[in-house]
Structure formats: C-alpha cells, structure tokens
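A.B. asks: Can you look at this prediction? I've put the sequence above it.
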Amino acid sequence: MKLALISHGAPDDPRHFSGIPWHVLQELRRQGHRVEPFYGEPTNWAKQVAHYKNLWSLKLSRQPHNFAADAGILRTRSTTMDKKILEFAPDAVLCVGLPEAAISLSTNLPLYVWMDAFYPSLRRFYAYFRDYYSEQDARVLQRIEGDVLQRARKIWLSSVWAKKEAATDFPKAAMRMATQSFGANLENPPTNAEVEQAITARNLATPTLLFLANEWERKGGDAAVETVRRLRAKGCQAKLVVIGLKDRPASAPEETWLEWVGPLDKSKPAEARRLRECFLTSAFLLLPSIADCTPIVCHEAGAHGLPVLATNVGGLPSTVTNGESGQLWPPAQFAEEAPAWITAALASRTRYETYAQAARRRYENFGNWTVNVRAVIDTIAADLAQPQPIVV
C-alpha cells in the first residue's frame, strides 16, 4: 500500500509525540508498505498574525492564544503538505496524531486518523491544556477537529476511555470510531528467552520498584514514594528507582532506598542498556497517575515481563489487564492499598511469575507495533476495497 503519513508534528522525528508516529512509520516500512512522512511549516504571515492574536488575547482576556490552535497556522501548514501529498499520489493518508493536521488536505484523499485522545478530552484531563490554551482556542480546535473527523473514513482511539470521550464530543463521527492500541516504543525488545530468564532471576526479597515518568505530580510521584515507604514499614526492603526526571522535587526524600537516575536517552547505547536493565531487573512498574491517556511505558514494561501497578484513570485500563498483567486502584487508594497487594504478590514466587508472564503475553498480543499497525492497515485495505457512495 502507498501511504502518506502525517501528524501534528514531523512524523519522522523520533522526539515528536513520544516517538509514536516515527515507530508507526518504521513498522509500516517493515511490513512492506511504501510510506512517506509529510510535514509543512506555516507561512511567515500566518505566524505574524498569530503573534498579534496572542497579544490581543492576553490584553482582553488575560488568556494566551496558543499557536498550535491558530487556524491560519494550521491551514497554511496543512496546505503546504497537501501539495506535496498530491504529487506523491498515495492510496490513503494516515494521520497519527491530532486531526487538525489534515484541516486543508484535499477532500478526495481517503483519510484515516489514529490518536490517543482529541482536544476536548485533553483539555478536560490535563491542566496544561487549560493553562496554555484560551477558551477561544478551545472552541476553534474543537470545531476544526470536528470538521476533519467528519470526513475521516475511519478513526481509531488507543483506549476505550478515549473512544467513549470522542464519541460524546463528536457524535457525528462516532459510528466510524474504533479502539486500536498503540505499541511499545522499543527498537530491540528482549526475546521470550531473555524475559523468562530475567523473571526467574528477579530478587523478590529486596525488590526494586521502578517509577519512570517525565512529570512528577501528574504521574503520581508522591504516591510512588509513599507506597515504597509503607512497604518498608511492613518489613519489605524495597527500593525505588526513579527515571525520566531531571529535577528532583522537594517531596522526593534523600533516602538510601530511593535512587534518582534522571533522564535516559534511548538513542544513546549506554543509556538504552541501563534502561533495559532496569526494566528486566525490577519487580514492578509503579504508575499512580492522576491523569494519563495511553502511557506507552506500560507496553514497554510488558515487553520485559514487568507487571504494572497503576491507577484506573483515563486509558490505563486499556493498557493494563487488571488482575492479570498488573493491578489498578483509584488514585486516592493507591498508596494505601498497593503495599499490601505487593507484599502478598512477592510472598509467592509462583504467584509473582504468573503476573510477570501475563505482562509479557499482553505485550505480544496487544502491546506491540507489529500487531497494531497490521490491524490498522488491514482495515484500511478492506475499506479502500469497498465501493464508495457517489456524492452529487
């Protein structure tokens, strides 16, 4: 299949959108498809107009006008892409990211959208989108997303929660929505044999618990610390390893049982090896998030046979099979109830290994890009093969 791949940033940039479009691009090519990524820069006049809009918005409402929500920027960026895409002449356009990227694409191009959540959900869920986007921005983005989704032939959301939210916000497009997971962003995942060996070798007497996040408060850093503190109070000599954050918050105690690693860059071999070692040797991944759409780290943990202990917010119930590949709690109950559950799981190696093996199976069945990209492509191929109604 010949595909144009777009996103709200450059799809071939591994740093954009947690590397999700980049991994989709690599997997599509591995599966034999001809795929080209497209991204357009906005015109200078559109940027200048957006700048004055921001000044005006700050003066009138004391709310910023975010360039990512500016219709002029979005349209000129999309128009630039459209010219290049028409020259490429793809069978279809796949947008892995926010749908406003397709605002000005030619309507005769079959369009498909794959995303973790759309703007209205993001605004309700994350404080960032309320702080840095004005109410006017919110109205503009919802209208633009609605227009694009209305002409998309298929729309995938990466969790049941996100699909339900999107169907409520965009009811006219609801019938074309489905759930399709994302995958682990790993170039060289461990083999089954490596994972089995790692599970068997894990130290359950003095276990390591892993907290991997780039935001302390939203990802529940304090709850992770309190969980380990309570575990230790029960007599378990647990250790917490924190990866991803550069700056250490005041609430992260200077204790011998808390190791602050900082950010690790997967593109650097030594740091990638360190991250892989932490995944393989830890007993659990802790993710007591206050808000999360589709944390890719859950799939990455599963690839290493690492059970996930998380909260039941947002898309987390679609990335962790509760009671099998891990356990979920409401945010307010996590630090209170997780320590007893962990103690019981660690008391029996057979029980623990059952969870770890289930985590790996979940990755193999649902949490990798090969499976999910193939499902999306199969659906696109079947849809393109169907005769389309003639619009008069």
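C.D. replies: The structure has been received and is ready for your questions. Computed from a predicted model, the values in this text were never measured in an experiment. Numbering: from 1, shown residues only.

A.B. asks: contacts and neighbour counts: CA atoms only from here.
C.D. replies: Fine.

A.B. asks: All the helices of this protein, in order from the start?
C.D. replies: Under the criterion DSSP state H, the chain carries helices at the ranges 20-30, 44-61, 71-88, 119-125, 127-131, 135-151, 160-169, 192-201, 221-233, 269-281, 296-303, 334-347, 349-366, 369-385.

A.B. asks: And the residue nearest the centre of the protein?
C.D. replies: The geometric centre of the chain, computed from its C-alpha atoms, lies nearest to residue 294 (CA atoms, centre = their mean), at 4.1 Å.

A.B. asks: for stretch 307-326, which positions count as buried?
C.D. replies: Residues of stretch 307-326 classed as buried by neighbour count (16 or more other CA atoms under 10 Å): 307-322, 324-326.

A.B. asks: which stretches of this structure aren't confidently modelled?
C.D. replies: Low-confidence segments of the chain (pLDDT under 70): 389-392.

A.B. asks: Recalculate using a threshold of 90.
C.D. replies: 41-75, 77, 106-108, 128-138, 387-392 (pLDDT under 90).

A.B. asks: Using the record's assignment, carve it into domains.
C.D. replies: 2-183+369-385, 192-366 (automatic domain parsing).

A.B. asks: quick one on the thing from earlier: any chance of the helices of the chain in a markdown table, with distance to residue 253 and mean neighbour count too?
C.D. replies: Output for these, formatted as a markdown table (distance: least, CA to CA, whole Å; neighbours: other CA atoms under 10 Å):
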| stretch | distance to residue 253 | mean neighbour count |
| --- | --- | --- |
| helix 20-30 | 33 | 20 |
| helix 44-61 | 39 | 15 |
| helix 71-88 | 44 | 19 |
| helix 119-125 | 28 | 17 |
| helix 127-131 | 26 | 14 |
| helix 135-151 | 39 | 18 |
| helix 160-169 | 34 | 19 |
| helix 192-201 | 29 | 16 |
| helix 221-233 | 8 | 21 |
| helix 269-281 | 21 | 17 |
| helix 296-303 | 24 | 26 |
| helix 334-347 | 16 | 17 |
| helix 349-366 | 28 | 20 |
| helix 369-385 | 37 | 16 |
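
A.B. asks: Please render the ones you listed as JSON lines that adds distance to residue 242 to the earlier fields.
C.D. replies: What follows is the helices of the chain, written out as JSON lines (distance: least, CA to CA, whole Å):
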{"stretch": "helix 20-30", "distance to residue 242": "23"}
{"stretch": "helix 44-61", "distance to residue 242": "38"}
{"stretch": "helix 71-88", "distance to residue 242": "38"}
{"stretch": "helix 119-125", "distance to residue 242": "24"}
{"stretch": "helix 127-131", "distance to residue 242": "23"}
{"stretch": "helix 135-151", "distance to residue 242": "35"}
{"stretch": "helix 160-169", "distance to residue 242": "28"}
{"stretch": "helix 192-201", "distance to residue 242": "20"}
{"stretch": "helix 221-233", "distance to residue 242": "9"}
{"stretch": "helix 269-281", "distance to residue 242": "10"}
{"stretch": "helix 296-303", "distance to residue 242": "13"}
{"stretch": "helix 334-347", "distance to residue 242": "17"}
{"stretch": "helix 349-366", "distance to residue 242": "20"}
{"stretch": "helix 369-385", "distance to residue 242": "26"}
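
A.B. asks: quick one: which of those helices is nearest residue 180?
C.D. replies: For residue 180, the closest of the helices of the chain is helix 369-385, at 6.7 Å, according to CA to CA.

A.B. asks: what's around the nearest residue to residue 318 once chain neighbours are set aside, how many residues?
C.D. replies: Closest residue in space to residue 318, ignoring its immediate chain neighbours: residue 159 at 5.3 Å, by CA to CA, 6 or more residues apart in numbering. By other CA atoms under 10 Å, the residues close to residue 159 number 25.

A.B. asks: Residue 174 reaches residue 166, doesn't it?
C.D. replies: Yes: when contacts are counted by CA atoms under 8 Å, residue 174 is listed as touching residue 166 (7.4 Å).

A.B. asks: List the single closest residue to residue 263 in space, sequence neighbours excluded.
C.D. replies: Closest to residue 263 by CA to CA, 6+ apart is residue 244, at 3.9 Å.

A.B. asks: how deep is the one you found tucked in, by neighbour count?
C.D. replies: 17.

A.B. asks: Repeat that for residue 253.
C.D. replies: Count around residue 253 with other CA under 10 Å applied: 12.
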